[in-house]
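Engineer: Fold the stuff below for me.
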Amino acid sequence: MDKKKCSLDVHKGMDAIMYCSEYRIYMCNKCENHHSSLFKIHHLYKLNIDEEDIFTGYCQEKNHSMKLEYYCKNHNQLCCAACIAKINKKGNGQHKDCKIECIEDLKEEKKNKLIENIKYLEE
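Structural biologist: Residues are numbered from 1 along each chain as shown. Model prediction:
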């Protein structure tokens, strides 16, 4: 896998060392120093691991930049509100006809099932 490059145009040839999940940008050492001093509460991830290993919690679809709050059972994929929008334009609505569930509801369902299974095993 190729190393990620800095998202800032003037540093585009420099290797990125950090990823900001709020702005969804890659930063070289110079950019990271400024970013960290300006935005103290942003979540930054070191890039000493593969890019695929970074879970930001935000949709990676172009122009979506929304939190992943839904799960598409048809595609076994996390989705944002734009992904499941009924309007299929500007890159939205890829899952408009799928069976979608809220992640929080799924979490509660799985938790309850786990509790049932533990009780069953204890008996």
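
Engineer: Checking Y19 next. Helix, strand or coil?
Structural biologist: Assigned with DSSP: H, G, I helix; E, B strand; the rest coil, Y19 falls in the strand class.

Engineer: Using the three-state scheme, assign the nearest residue to it once chain neighbours are set aside.
Structural biologist: Ranked by Cβ to Cβ, 6 or more residues apart in numbering and with sequence neighbours excluded, the top spatial neighbour of Y19 is Y45, at 4.6 Å. Using the backbone N, CA and C atoms, a C-beta is placed for each residue, glycine as well. The three-state assignment at Y45 reads strand, by three-state DSSP.

Engineer: Can you report how many residues lie near Y45?
Structural biologist: Residues contacting Y45 under the criterion other Cβ atoms under 10 Å number 16.

Engineer: same for the one helix or strand K110 maps to, what does it pack against?
Structural biologist: Taking DSSP states H and E as the definition, K110 sits inside helix 103-122. Under the contact criterion of 3 or more Cβ pairs under 8 Å, 6 or more residues apart in numbering; DSSP states H and E, the helices and strands touching helix 103-122 comprise strand 70-72.

Engineer: looking at this structure, which helix or strand is least sure?
Structural biologist: strand 44-46 (a mean of 75; mean pLDDT, DSSP states H and E).

Engineer: Sheet partners, orientation included, of that strand?
Structural biologist: In its sheet, strand 44-46 lies beside strand 18-20 (antiparallel), with partners assigned from DSSP bridges.

Engineer: partners of the next helix or strand after the strand it pairs with, with directions?
Structural biologist: Tracing the chain past strand 18-20, the next element assigned as helix or strand by DSSP H and E is strand 25-27. Sheet pairing of strand 25-27 (DSSP bridges) gives strand 18-20 (antiparallel).

Engineer: residues touching the nearest residue to A16 once chain neighbours are set aside, list them.
Structural biologist: Taking Cβ to Cβ, 6+ apart, and ignoring the residues beside it in sequence, A16 has Y26 as its nearest neighbour in space, at 3.6 Å. Each residue near Y26 by Cβ atoms under 8 Å, 6 or more residues apart in numbering is listed here: K4, K5, C6, S7, A16, M18, Y19, L47.
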